[in-house]
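Peer 1: After the sequence you'll find the predicted model.
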Amino acid sequence: MKPIDALKEFRLGACYYPEHWQESLWEDDFRRMRELNFSIIRVAEFAWSIFEPQEGVFSFDLFDRALDLAHKHGLTVIIGTPTATPPAWLTHKYPEVLNVSHDGVTLHHGLRRHYNYSSTKYRELSAIITRKMAEHYKDHPAVIGWQLDNEFNCEINEFYAPADHDAFRAWLQEKYGTLDKLNEAWGTVFWSQTYSAWEQVFLPRPTPGQRQPNPHQALDEKRFISDNTISYAKVQSDILREVAPNHWVTTNGLFGHLDSHRMNDELLDFFSYDSYPQFSALADNQNEENPLADRAWSQKLSSVRSISPNFVIMEQQSGPGGWVNRMNMASPKPGQMRLWTYQSIAHGANMVLYFRWRTATVGNEIYWHGINDYHNRPNRRVREAGQIGSELALAGNRITTAAEFKADIALVRDYDNEWDGEYDIWHGPFSWQSGTSWFKVLNRRHIPSDTLYIRSHTTIEDLKRYKVLIYPHAAIMRDETAAMLEQYTREGGIIIFGCRTGYKNEHGHTYMRPFPGAAAGLCGISVEEFTMINGMRKATTMKWNGGDEALTAADSFNEVLYVEDDSVEVVATYASDFYAGKPAVTKNAFGEGQAWYFGAVFNDEAAEQIIDRLGLAAPTASWLSLPPDVELAIREGEDGPLYFLLNFSEQPAAITLKESKTDVLTGNTLNGSVSLEGFGVVVLS
């Protein structure tokens, strides 16, 4: 198989750990997988001590037998390089490979991901095990691809070993060249932080405020961690490309301090993701009237799709989840595992593997339940997996030929603001609320949306794919980005900004310009004054122009806007506090398009107001009526569109079709009034 063809055929499977089970179980496991229409397994990502029980001594017997048996039963195999869990002999003999906390505490053997990417010894040993495994399995008939490591930057995404400080210093020297340029970028003239020798420069360390570094240093720290992680991954990717050129390469993740877009572009054939929707249910605000709960995972999958339009779900939640000492996710209700599977597929997954085939009986994950329970007898989850396998077998590759997710609206993000916002509370916390509100309202109105990351090589053509861009709180905005957004708007696009936009450069310095800085010309306004809304100041409201003069909350931060250009229309004014009557929301006619500026943090009601004023509607409004709890997702390809209808309610949902459509999962024709069962799914063509 050529790597480019890896996702042309849909595959369903499970993560499997032959080293955890008696060999007498393997054949029955593989036989039952095939009965469920599974065709792929992932193995070995935590098995370094099996492959190399002593330094320089390699053993492949156990996995040879397992892979040969998998091949006998018609299963294909993904092998994980096992570098997420270095063996005890390694960390004992070479303690310099261990990670160190911000406070200087060495993180020892006993869990996972306790190494640092900067250690030359760890890179050397990682390269050796990767090469040995690649050479051994490059011609195995079952093996089709490789997963690098496991979940880069999971568990921990900060690194302070001595080797990390050294690597950071070298990274800065390459980036800035001279100390003068470093001092300028970091604004070290403030508080007498100026460096006069490179050996004085470190990653952020404890200060009198504990976690209060120079903010510009903190931003570069995140950029360094990302680059260093990619550099480490490249060691393995390069070896696999050299030794096993007919296998594809991926990795699973979506964790902090990592530019996954760049890693995918430079190292991978496609990206993979681990989908556990009940993480969202745990974190969701249950006091909210309409919580996102597991439906929010569609927003996560949209981010994955921005990295890799078609991708793999390397771990799909199948059972209740939890470690011995943390997490307590409830058991999925009947139909939820199926719902989550099609949620992943709807958003671009062309391969799905369940975590895991059988629940572990030892270790921290004995409560991270898989499809099969400890007793290995048939259960509801096994039956549900069989239903999914049968449906996907009936659908064939109809799903993979519908390759493109269709959306006319994008929620815009970028790594600079995400990383800067981790430390800067004057904009960072706002992005989550605004993005969630917009996604929630669009989703409940059945208006599909994408996530679009602004990157150094993003082009105007990337932007013009969308009619509307929502870029809520881009505090850091380069002039080049502003110019591209101006061109997008001038040519007919609609851009929507929120408060705290455009006032910082790429180093996190504030521009000496009226807010919103780089975006001021596009928006045609300036910020007259501003204030945080917190315990010291009462929450305010804004009044929207129009017949009903609706009132909505003006959350978290208020910017009083001043109209600079005649082309600007005031859409809403503040209705309370000393700035009552002053502009709160504006719309600027810019060329053929519009630039909106919202002077607060978005909430659901504000997003509703703007959607109504823009006249946005579901692309299926003419022939399909759906209740709010049913998500609509559209994949389109050479055979036409597929419409995924996902019911996130436990109760049946009434849907109405004005045209006849075929459910590709059952072959049934649907028309008129249809009841979609609780947690039900149909895929219409």
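Peer 2: Right, received. Where do you want to start? Residues are numbered from 1 along each chain as shown.

Peer 1: Verify the assumption that Y597 is located in a strand.
Peer 2: Yes: per DSSP: H, G, I helix; E, B strand; the rest coil, Y597 lies within a strand segment.

Peer 1: What is the lengthiest strand in the chain packed up against?
Peer 2: Longest strand in the chain by number of residues, with DSSP state E as the criterion: strand 653-662. Under the contact definition 3 or more Cβ pairs under 8 Å, 6 or more residues apart in numbering; DSSP states H and E, strand 653-662 sits against strand 624-625, strand 640-647, strand 669-676, strand 681-684. C-beta coordinates here come from the backbone N, C-alpha and C atoms, glycine included.

Peer 1: Could you dump those strands into TSV with distance to S431 and mean pLDDT added?
Peer 2: Converted to TSV, the helices and strands packed on strand 653-662 look like this (distance: least, Cβ to Cβ, whole Å; pLDDT from 0 to 100):
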stretch	distance to S431	mean pLDDT
strand 624-625	32	98
strand 640-647	26	97
strand 669-676	33	97
strand 681-684	31	98
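
Peer 1: Just say which of these is most tucked in.
Peer 2: strand 681-684 (a mean of 24; mean count of other Cβ atoms under 10 Å).

Peer 1: Which strands and helices lie in contact with it?
Peer 2: helix 336-346, strand 640-647, strand 653-662, strand 669-676.

Peer 1: rewinding a little: could you tell me the angle between the longest strand of the chain and strand 640-647?
Peer 2: 160 degrees (axes from the mean of the first three to the mean of the last three Cα atoms, to 10 degrees).

Peer 1: The helices and strands packed on strand 653-662 into TSV, with extra columns for distance to L36?
Peer 2: TSV is the format used below for these (distance: least, Cβ to Cβ, whole Å):
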stretch	distance to L36
strand 624-625	32
strand 640-647	22
strand 669-676	24
strand 681-684	18
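
Peer 1: among those strands, which is nearest H71?
Peer 2: strand 681-684 (31.4 Å; Cβ to Cβ).

Peer 1: Check what contacts the closest one and list those residues.
Peer 2: Strand 681-684 is contacted from outside by 338-339, 342, 395, 399, 642-647, 657, 661-666, 670, 674, 676, using Cβ atoms under 8 Å, 6 or more residues apart in numbering.

Peer 1: sorry, back to before: what pairs with the longest strand of the chain, and is each one parallel or antiparallel?
Peer 2: When pairing is defined by DSSP bridges, strand 653-662 lines up against strand 624-625 (antiparallel), strand 669-676 (antiparallel).

Peer 1: Which positions within that strand qualify as buried?
Peer 2: By 16 or more other Cβ atoms under 10 Å, the buried positions in strand 653-662 come out as A653, I655, L657, K661.

Peer 1: mean confidence score for that strand?
Peer 2: The average pLDDT for strand 653-662 rounds to 97.

Peer 1: Kindly report the same for stretch 91-111.
Peer 2: 96.

Peer 1: Would you pull up how far that stretch lies from the middle of the chain?
Peer 2: 28 Å (Cα atoms, centre = their mean, to the nearest Å).

Peer 1: Enumerate the positions of that stretch that are buried.
Peer 2: Across stretch 91-111, burial judged by 16+ other Cβ under 10 Å covers T91, Y94, E96, V97, L98, N99, V100, L107, H109.

Peer 1: Identify all contacting residues around stretch 508-521.
Peer 2: Stretch 508-521 is contacted from outside by 187, 215-216, 219, 420, 424, 474, 476-479, 481-482, 485-486, 497, 501-505, 523, 525-527, 530, 559, 564, 595, 597, using Cβ under 8 Å, 6+ apart.

Peer 1: show me what contacts W596?
Peer 2: Residues counted as contacts of W596 (Cβ under 8 Å, 6+ apart) are I494, I495, I496, F497, V571, V585, T586, K587, N588, I610.

Peer 1: ok so, going back, tabulate the strands paired with strand 653-662 in JSON lines, adding columns for distance to Q236.
Peer 2: As requested, the strands paired with strand 653-662 are exported to JSON lines (distance: least, Cβ to Cβ, whole Å):
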{"stretch": "strand 624-625", "distance to Q236": "46"}
{"stretch": "strand 669-676", "distance to Q236": "44"}
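
Peer 1: count of neighbours near the closest residue to R413 other than its chain neighbours?
Peer 2: Spatial nearest neighbour of R413, chain neighbours left out: Y453 (5.5 Å); criterion: Cβ to Cβ, 6 or more residues apart in numbering. Residues within reach of Y453, counting by other Cβ atoms under 10 Å, total 18.

Peer 1: same thing with the one 5 residues further on?
Peer 2: Under the neighbour criterion other Cβ under 10 Å, T458 is assigned a count of 17.

Peer 1: what sits against it?
Peer 2: Applying Cβ under 8 Å, 6+ apart, we find T458 in contact with L452, M484.

Peer 1: returning to what we had before: distance to L442 for the buried residues of strand 653-662 - can I get that in JSON lines?
Peer 2: Formatted as JSON lines, the buried residues of strand 653-662 follow (distance: Cβ to Cβ, whole Å):
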{"residue": "A653", "distance to L442": "18"}
{"residue": "I655", "distance to L442": "19"}
{"residue": "L657", "distance to L442": "22"}
{"residue": "K661", "distance to L442": "23"}
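
Peer 1: ok, these vs D265, which is closest?
Peer 2: K661 (37.1 Å).

Peer 1: Give the closest residue to the closest one in space, chain neighbours not counted.
Peer 2: L684 (3.9 Å).

Peer 1: any idea how far that neighbour lies from S660?
Peer 2: 10 Å (Cβ to Cβ, to the nearest Å).

Peer 1: can you check L182 too?
Peer 2: In terms of Cβ to Cβ, L182 sits 66 Å off from S660.

Peer 1: And for L642?
Peer 2: For L642, the distance to S660 - Cβ to Cβ - is 15 Å.

Peer 1: Likewise for H71?
Peer 2: Distance from H71 to S660, by Cβ to Cβ: 44 Å.

Peer 1: cool, and G517?
Peer 2: Taken as Cβ to Cβ, the span from G517 to S660 is 53 Å.

Peer 1: ok so, going back, so what's the residue nearest to R413 up against?
Peer 2: Per Cβ under 8 Å, 6+ apart, neighbours of Y453: H261, S306, V412, R413, D414, Y415.

Peer 1: switch to 6 Å and redo it
Peer 2: H261, S306, R413, D414 (Cβ atoms under 6 Å, 6 or more residues apart in numbering).

Peer 1: Likewise for Y276?
Peer 2: Counted by Cβ under 6 Å, 6+ apart, Y276 has contacts Q317.

Peer 1: same question, H114
Peer 2: Per Cβ under 6 Å, 6+ apart, neighbours of H114: L98, N99, L107.

Peer 1: again, but for F60
Peer 2: F60 touches H136, counting by Cβ under 6 Å, 6+ apart.

Peer 1: Which pLDDT value belongs to it?
Peer 2: Reading off the model, F60 has pLDDT 98.
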